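Enquirer: Show me how the following folds:
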Amino acid sequence: MTVRTRIAPSPTGIAHVGTLYTALLNFAYAKKNGGKFILRIEDTDRERYVPGSEQVIFSALRWAGIPHDEGSDIGGPFEPYTQSQRLEKYTQYANQLIENGKAYHCFCSSERLAAMRKTQQEKGELPMYDGLCRKMSQSQSESRAKTEKFVIRLIAPDSGNTSWIDAVRGTITIENKTIDDQVLVKSDGFPTYHLAVVVDDHLMKISHVIRAEEWISSTPKHILLYKAFGFKLPVFAHTPLLRNPDKSKLSKRRNPVSVLWYQEQGFLPEALVNYLCLMGWSHPDGKDIFSLEEFIKLFSLDRVQTSQPIFDLEKLRWLNGSYIRQKSDADLLNLLKPFVPKSAKKQELIGIIALIRDRIKTLNEFSEYADFFFQAPKVDSQILLKQSKLEAEKTGMKLLEYARVLEGLSDTDWKMPNLERAGRQLLDDRWSPKQLFMSVRVALTGKTVSPPLFDSMEILGKAQSIKRLTRAAEILTHNHI
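Expert: A predicted model of the protein is given here:
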């Protein structure tokens, strides 16, 4: 059997990290077994459709390094790969079901259906269609369909069970009496997800349907459709949903869910993909950090766990920091381009990278640690005096004294050891190293936590360091706040 997997996202605005997770599993299984990974766009829900969303999905997969073999953007042997361009096929197959007595026209109004569901709920019954139009003769149904609006419903059996062997969860059995006469074609002529997904998976020769556990309840409907058409069933595999720390379904109310957000925050694609590999699966050797290639080599559906994986943003940040530390200076220089001022000089950046690479967990934290290299900070007298623990005038005079000592250093002597030595010459029983150097740190960086002070001064340069110390001293001695 040729393995063919797919994802079929809806273009509703964002590329969801859950979609990326499902894509990863489908991609890995296909590549592990020498198969093909297909990207299909399911845009039949026109109310939720957001123009341009397809490109967002394509871009997210490219960024993550999960390429598809066939799709609406690159074509393939089963074009088109966008459902709104395949409507004739769905109409053809829906009519085939009616002709074969497997489906029927339903003319019930939305008001009648709402009243029916309300009555069922009041009685404690499962809300389901009551089959009114199912009892209509074929001739009467065909006659009314010429002049009235209708939907097309599948005839679900009233007794027995529908079972399948799930590649992740084992045998799953559902009582047929709990399966509704599912709507296959809406009154606007567009197919529902259930009809379109079965027809497309069959025509595109999808061998394995690997999707989230939220689709388990829909699988019996799909199996009934496969049987009604006489199609061969694919292998179904329902993977766990990503969860928030409180075990709720991953949603934008609790965690960022857009792949673009992670990209903009400076998460590396290989780090995000590595983290998603750990969701519902674990490395046989217990490793947390490994490549996509290694994951593909080791991946199998029977090792996917059914427990609910927690998407922990802090653990992802830790993992991302590990990947950042593994990067060469040249690679980091390139990755940081969107996050640094265009005026920054290459050699200057290389020096800064050496100071902060072990501190940052995302690329956008570069500016948090390094912004003072590119723009003089505002001097906060209160913070400065809190560090010096002395009056403003004495603190200002000490900073000015340090600036004058630094003026005596030549450009060639402007090195980290000399800068520290110059400062230590000024220590006395009133000024501890912590008091002096924390005061200097705040004056130069505007922060109480920053990259190593004297290394930072070496990069800032003589003129800029002296200028900032002098400015801070002037503000303190003139009592400007």
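
Enquirer: right, and T2 touches H208 too?
Expert: No: look at T2 against H208 with CB atoms under 8 Å: they stay out of range, at 10.6 Å. Every C-beta, even on glycine, is put in place using the N, C-alpha and C of the backbone.

Enquirer: Same drill for these two, tell me which one is more crowded.
Expert: H208 (22 against 10; other CB atoms under 10 Å).

Enquirer: so where do the helices sit in the stretch 201-350 of the chain?
Expert: Assigned helices in the stretch 201-350 of the chain, in chain order: 219-229, 259-264, 269-277, 292-298, 313-326, 329-335, 346-356 (criterion: DSSP state H, counting those that start in this stretch).

Enquirer: Need the winner for burial among these.
Expert: Mean neighbour count (mean count of other CB atoms under 10 Å) peaks for helix 269-277 among these, with a mean of 23.

Enquirer: the inter-axis angle of that helix versus helix 313-326?
Expert: Counting by axes from the mean of the first three to the mean of the last three CA atoms, to 10 degrees, helix 269-277 lies at 140 degrees to helix 313-326.

Enquirer: what packs against the host helix or strand of E474?
Expert: Counting by DSSP states H and E, the element that carries E474 is helix 462-477. For helix 462-477, the elements it packs on are helix 381-388, helix 392-407, helix 433-445, judged by 3 or more CB pairs under 8 Å, 6 or more residues apart in numbering; DSSP states H and E.

Enquirer: Put together TSV for the ones you listed, with distance to P127, mean pLDDT and mean neighbour count on each row.
Expert: Shown next, in TSV, are the helices and strands packed on helix 462-477 (distance: least, CB to CB, whole Å; pLDDT from 0 to 100; neighbours: other CB atoms under 10 Å):
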stretch	distance to P127	mean pLDDT	mean neighbour count
helix 381-388	62	89	17
helix 392-407	73	94	19
helix 433-445	63	95	21
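
Enquirer: between those helices, which one is nearest to Q96?
Expert: Q96 sits nearest to helix 433-445 of all these, at 72.3 Å, using CB to CB.

Enquirer: name the helices or strands packed onto the closest one?
Expert: Here helix 433-445 touches helix 381-388, helix 392-407, helix 416-424, helix 453-460, helix 462-477, going by 3+ CB pairs under 8 Å, 6+ apart.

Enquirer: Could you export the last one as PDB, CA atoms only?
Expert: Listed next in PDB are the C-alpha coordinates belonging to helix 462-477 (Å, rounded to 0.1, in the frame of the first residue of the first chain):
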ATOM      1  CA  LYS A 462      35.100  55.300  25.000                       C
ATOM      2  CA  ALA A 463      33.200  58.300  23.700                       C
ATOM      3  CA  GLN A 464      29.700  56.900  24.400                       C
ATOM      4  CA  SER A 465      30.600  55.400  27.800                       C
ATOM      5  CA  ILE A 466      32.100  58.700  29.000                       C
ATOM      6  CA  LYS A 467      29.200  60.700  27.600                       C
ATOM      7  CA  ARG A 468      26.600  58.600  29.400                       C
ATOM      8  CA  LEU A 469      28.500  58.700  32.700                       C
ATOM      9  CA  THR A 470      28.800  62.500  32.400                       C
ATOM     10  CA  ARG A 471      25.200  62.900  31.600                       C
ATOM     11  CA  ALA A 472      24.100  60.800  34.600                       C
ATOM     12  CA  ALA A 473      26.400  62.800  36.800                       C
ATOM     13  CA  GLU A 474      25.000  66.100  35.600                       C
ATOM     14  CA  ILE A 475      21.500  65.000  36.300                       C
ATOM     15  CA  LEU A 476      22.300  63.900  39.800                       C
ATOM     16  CA  THR A 477      24.400  66.800  40.800                       C
END
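
Enquirer: Could you check it and say which residues are buried?
Expert: Buried residues in helix 462-477, counted by 16 or more other CB atoms under 10 Å: K462, S465, I466, R468, L469, T470, A472, A473, I475, L476, T477.

Enquirer: quick one: contacts for P377?
Expert: Going by CB atoms under 8 Å, 6 or more residues apart in numbering, P377 touches D371, L444, T445, G446, K447.

Enquirer: for the lowest-mean-pLDDT helix or strand in the chain, packing partners?
Expert: Least confident helix or strand of the chain, by mean pLDDT, DSSP states H and E, is helix 381-388 with a mean of 89. Applying 3+ CB pairs under 8 Å, 6+ apart, we find helix 381-388 packed against helix 392-407, helix 433-445, helix 462-477.
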